[in-house]
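[1] Kindly generate the corresponding structure for this input.
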Amino acid sequence: MSVSRLAEMPGIGVDRVGAAADVLAAANPKLLRLENLDCDLRPPPAAIEATRRAIEEDAANSYLPFLGQHALRRAVARHVGRLSGVAYDPERQCIITAGGLSGCLIALLALLEPGDEVVLTDPTYVGMLNRVRLAGGRPRLVPFLRDGAGCQSAWRLDLDALRRAFTLRSRGRTGARTRVAFIMSPSMPSGAVLNRAEWEAIAALCRRHDAWLLYNAAMERILYDGRPHIHPASLPGMAQRTIMVGSVSKEYRMIGWRVGWLVGPESVMRDIALASISDVVVPVGIAQEAARAALEAPERDVAEAVAEWQRRRDVIVAELADLPLVPAAGSWSMLLDVGALGHQAAAASALLLERGAIAATPMDGWGVVNGPQFVRFVFSNEPVARLRGIGDRVRRSLT
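    Residues are numbered from 1 along each chain as shown. Down below sits the predicted model:
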C-alpha cells in the first residue's frame with residue numbers, strides 16, 4: 001500500500017507511451033515521437049565547449065559552493081533582472097538547482113504548511129501537480145477555456161474561476177488557505193500564454209490574499225506570432241512576492257545538463273536555500289559553467305530556436321485544420337480534443353500509436369476540466385519534413 005502522500009498522485013503517462021514507442025521505433029523509423037519534451041536542436045556551441053572544459057577542472061568536481069557557482073549565480077541574476085526589470089543580488093536572492101522541477105519542489109517545501117492550497121491552471125503539467133501534493137499542499141485548479149473553434153481557437157484563463165479559487169480559502173478546514181499561485185506561462189501542455197489582463201488578475205489576487213506567486217519560467221521566451229513577453233515580477237507590488245523558477249533545459253535545449261535556478265525576495269530565499277541544501281545538496285558541477293555560457297550567448301540563439309519551433313507548430317496546425325486542435329501560443333506542445341472525435345484520451349493515444357505511428361501522451365491526470373479528453377502533441381523533437389503528412393495519419397487513426 002502506498003503512503004498517504006502518494007495516494008492522490010497519478011503517473012505522468014509519458015513514460016508508458018515512451019516505452020511503447022521505443023519498441024515500435026526499432027521497426028518503424030517513420031514513427032513520430034510527439035510524446036516527450038525532448039528536443040533535437042543543438043544547445044549553444046559555447047555551452048558544449050564549456051562542458052568539455054569543466055570535466056578537467058577540479059572546481060567542477062566539488063560539493064562547494066552548496067548554492068551554486070558564483071559566476072552562474074551572477075549570470076542568472078542578470079538574466080532574470082533583464083527580463084523582469086527588477087535588480088537581484090546573486091548572493092542573497094539566487095540559488096542554483098538540479099533542474100527547474102527540483103527548484104519547484106524545493107520552493108514548495110519552503111512555502112507550504114500541510115493543507116495549504118495552491119492555485120494552478122487546468123490543465124497543467126502533472127509533475128507540477130504532484131510536487132504540490134508531495135509538499136503537503138492541496139491543488140486548486142483554474143480552467144483554461146477555449147476561445148473560438150477548432151484551429152482558430154485559443155486558450156484563455158477563466159477569471160471568474162480564478163477569483164473563486166482564491167476566495168474559497170478555508171473550505172471548513174482549520175488553517176487551510178491559499179498560500180501559493182503556481183503558474184507557468186507559456187503553459188504546458190496546452191501552449192497557453194497569459195495576456196496582461198490575466199497576469200494582472202493573478203497579481204491582484206496574490207496581493208489581496210498575501211499569497212506567493214511561484215512562476216515557472218522554463219519556457220517564458222518561447223512565444224509565437226510576435227506575442228510580447230510579460231514578466232509578473234514587473235507588475236506593481238509583485239517583485240516582493242514572486243519567486244521565479246528557471247532552467248536551461250527548454251530555451252537553451254540543455255535537458256541533460258540538469259541546471260535550474262530560483263530567484264526571489266531575500267525574505268524567503270534563506271528558507272528556500274535550507275530546503276535546497278537538504279535535498280540534492282548541490283547541482284551538477286560540470287554543468288554549471290555550461291549554463292553560464294548559455295545565458296551569456298547572443299540573443300539570436302533563443303530567437304532562432306523559437307522560429308524553428310513555430311515552423312513546426314504551423315505545419316501541425318495546417319495539417320489538422322479541420323480537427324479540434326487548439327494551436328499553441330507558446331511552448332513546445334499543444335492539445336487535440338479527441339473527446340470531440342468520440343474517444344477517451346488513453347484509447348486515442350493507443351490508436352495513434354497503432355494506426356498512425358504517432359506517439360502522443362494522454363492527458364489523464366493533467367487536469368479535471370481539461371484532462372481525459374485530450375492528447376498532447378510535442379513538436380520540439382521532430383523536424384518539419386517528418387511532420388508533413390501528420391494530418392492523414394491522425395485522421396486514419398481517429399476518424
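[2] any idea how far residue 229 is from residue 285?
    31 Å (CB to CB, to the nearest Å). C-beta here means a position set from N, CA and C on the backbone, and glycine is covered the same way.
[3] Would you enumerate the residues in contact with the nearest residue to residue 91 once chain neighbours are set aside?
    Sequence neighbours aside, residue 73 is the residue nearest to residue 91 in space, at 6.9 Å (criterion: CB to CB, 6 or more residues apart in numbering). With contact set as CB atoms under 8 Å, 6 or more residues apart in numbering, residue 73 has these partners: 67, 90, 91, 94, 95, 96, 261.
[4] Is it possible to mark the buried ones in those residues?
    For the contacts of residue 73, a neighbour count by 16 or more other CB atoms under 10 Å gives the buried set as 67, 90, 94, 95, 96, 261.
[5] Same list (the contacts of residue 73) but as a markdown table, adding secondary structure.
    Below are these laid out as a markdown table (DSSP: H, G, I helix; E, B strand; the rest coil):
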| residue | secondary structure |
| --- | --- |
| 67 | coil |
| 90 | coil |
| 91 | coil |
| 94 | strand |
| 95 | strand |
| 96 | strand |
| 261 | strand |
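[6] Now flag whichever of the residues you listed is closest to residue 320.
    Residue 320 has its nearest neighbour among the contacts of residue 73 in residue 261, at 36.2 Å by CB to CB.
[7] Follow the chain on from the lengthiest helix in the chain and name the next helix or strand.
    Using DSSP state H, we find that the single longest helix of the chain is helix 300-319. Later in the chain than helix 300-319, the nearest helix or strand by DSSP states H and E is strand 325-326.
[8] what mean pLDDT would you report for that following strand?
    Strand 325-326 comes out with an average pLDDT of 97.
[9] Stretch 354-362 too?
    Mean predicted confidence for stretch 354-362 is 98.
[10] in it, what counts as buried?
    In stretch 354-362, counting by 16+ other CB under 10 Å, buried: 356, 357, 358, 359, 360, 361, 362.
[11] Kindly indicate which of those residues lies nearest residue 186.
    When the buried residues of stretch 354-362 are compared against residue 186 (criterion: CB to CB), the nearest one is residue 361, at 17.5 Å.
[12] Could you give the bridge partners of that closest one?
    Counting by DSSP bridges, residue 361 is bridged to residue 376.
[13] Provide a list of residues in contact with it.
    12, 13, 14, 17, 35, 36, 189, 349, 375, 376, 378.
[14] Just the buried residues out of these, in ChimeraX syntax.
    What follows is the ChimeraX syntax selecting those of these that are buried according to 16+ other CB under 10 Å:
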select :12,13,14,17,35,36,189,349,375,376,378
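[15] Quick check: helices, which of the contacts of residue 361 are part of them?
    Per DSSP H, helices hold the following members of those: 14, 17, 349.
[16] residues in contact with the first one?
    To tie it back to what came earlier, the one meant is residue 14. For residue 14, the contact set (CB under 8 Å, 6+ apart) comprises 35, 36, 361.
[17] what number of residues lie near the residue nearest to residue 140 when sequence neighbours are not counted?
    Distances taken as CB to CB, 6+ apart put residue 165 closest to residue 140, at 4.5 Å, once the chain neighbours are dropped. The number of residues packed near residue 165 is 21, by other CB atoms under 10 Å.
[18] Residue 165 against residue 143, yeah?
    No. With contacts counted by CB atoms under 8 Å, residue 165 stays clear of residue 143, the gap being 10.0 Å.
[19] show me what contacts residue 89?
    Applying CB under 8 Å, 6+ apart to residue 89 gives the contacts 77, 266.
[20] Now do it against residue 291, distance only.
    Using CB to CB, we find residue 89 at a distance of 19 Å from residue 291.
[21] same check, this time on residue 17
    For residue 17, the distance to residue 291 equals 29 Å [CB to CB].
[22] cool, residue 130 as well?
    Counting by CB to CB, the gap from residue 130 to residue 291 is 25 Å.
[23] Neighbour count for those two, which is higher?
    residue 291 (32 against 21).
[24] How about the more buried one, nearest residue that isn't a chain neighbour?
    Excluding the flanking residues, the one nearest residue 291 by CB to CB, 6+ apart is residue 259, at 4.1 Å.
[25] show me what contacts that neighbour?
    72, 96-99, 247-249, 283-284, 287-288, 290-291.
[26] so what's the backbone phi/psi at it?
    phi -130, psi 130 (degrees, to the nearest 10).
[27] How about residue 183?
    Note on residue 183: backbone dihedrals following degrees, to the nearest 10 are phi -120, psi 140.
[28] quick one: contacts for it?
    With CB under 8 Å, 6+ apart, residue 183 has these contacts: 119, 120, 121, 194, 202, 213, 214, 215, 216, 232.
[29] out of those, which are inside helices?
    The helices, defined by DSSP H, take in residue 202 from the contacts of residue 183.
[30] Looking at the contacts of residue 183, which are in strands?
    119, 120, 121, 213, 214, 215, 216 (DSSP state E).
[31] Okay, and the beta partners of the third one?
    Partner residues in beta bridges with residue 121: residue 142, with DSSP bridges as the criterion.
[32] Over to the fifth one?
    For residue 214, the beta-bridge partners under DSSP bridges are residue 182, residue 243.
[33] so how many other residues sit close to it?
    Residue 214: 28 surrounding residues under other CB under 10 Å.
[34] Give me the domain ranges for the chain.
    Annotated domains of the chain cover 4-42+300-398, 46-295 [automatic domain parsing].
[35] Distance of residue 19 relative to residue 125?
    Using CB to CB, residue 19 is found at 19 Å from residue 125.
[36] The two: which is more packed in?
    Using other CB under 10 Å as the criterion, residue 19 and residue 125 rank with residue 125 on top: 25 against 10.
[37] picking up where we left off before, name the residues of the helix or strand hosting the residue nearest to residue 91 that are buried.
    Assessed by DSSP H and E, residue 73 sits inside helix 70-84. For helix 70-84, the neighbour count (16+ other CB under 10 Å) marks 72, 73, 74, 75, 76, 77, 78, 79, 80, 81, 83, 84 as buried.
[38] just curious, which of the ones in strands among the contacts of residue 183 is nearest to residue 56?
    Out of the ones in strands among the contacts of residue 183, the member with the shortest distance to residue 56 (by CB to CB) is residue 216, at 34.4 Å.
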